[in-house]
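Undergrad: sequence first, predicted model second:
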Amino acid sequence: MRASTFVAIDFETADYQRDSACAIGLVRVERSKLVQSVARLIRPPRRQFVFTYIHGITWNRVKDEPTFAEVWRDVQPMLDGAAFIAAHNVSFDRSVLQACCERALLEPPVLRWICSMKAGRRVWGPPASLDSLCRRVGIALNHHDALSDAEACARLLLAAEGTAEERSTVRPRGTR
């Protein structure tokens, strides 16, 4: 992964339907450096908000924002040349992207997905929630802010890679 270009992504949703993205955060990583980031609010297809208590986003805050299709046209170029998309809980974020693209009659990106939750669990063990891993590794997090979550995902993958590399270069006593 060291030389890879990747994009970490995070969605916040308004309701239980996966097509209800109300915020997106993306962070592009090139040669292990965070080089570009974008956060956008999205007007979901319904006015119903169930998860305001988690992320603080309301219908009044997004009612004049662009739809997913409009936002995606603007942010999708961040994926150009990326080897993969990263998310902390791939099954959630991939399903949101798929549902939003489907609703907007857009093709979802055809890229491999890497899960920072699985990488974190493999390297540091449980618990592997985003906030617990960030506390353990020392990564700043404003949890459920899409950009902060995407940045934390990217930093966790980089930290996991660094930790794995350190472990692979440690030689047992008595070897050269």
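TA: Yep, it's here.
Undergrad: what's the spacing between the residue nearest to A69 when sequence neighbours are not counted and T13?
TA: What sits nearest to A69 in space, not counting adjacent residues and going by Cβ to Cβ, 6 or more residues apart in numbering, is A104, at 3.8 Å. Every C-beta, even on glycine, is put in place using the N, C-alpha and C of the backbone. As judged by Cβ to Cβ, to the nearest Å, A104 and T13 stand 15 Å apart.
Undergrad: with neighbour numbers in mind, choose between those two.
TA: Between A104 and T13, counted using other Cβ atoms under 10 Å, T13 has the larger neighbour count: 24 against 18.
Undergrad: would you map the strands across this protein?
TA: Using DSSP state E, the strands of the chain run over 6-13, 21-30, 33-41, 84-87, 112-115.
Undergrad: dump those to TSV, plus mean pLDDT and distance to T58.
TA: Converted to TSV, the strands of the chain look like this (pLDDT from 0 to 100; distance: least, Cβ to Cβ, whole Å):
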stretch	mean pLDDT	distance to T58
strand 6-13	98	12
strand 21-30	98	9
strand 33-41	98	11
strand 84-87	98	24
strand 112-115	98	30
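Undergrad: for the residue nearest to A69, which residues are in contact?
TA: Residues in contact with A104 (Cβ atoms under 8 Å, 6 or more residues apart in numbering) are T67, F68, A69, W72.
Undergrad: now, those residues that are in helices?
TA: F68, A69, W72 (DSSP state H).
Undergrad: quick one: mean pLDDT for stretch 69-82?
TA: For stretch 69-82, mean pLDDT is 98.
Undergrad: need the distance between the two termini of it.
TA: 21 Å (Cα to Cα, to the nearest Å).
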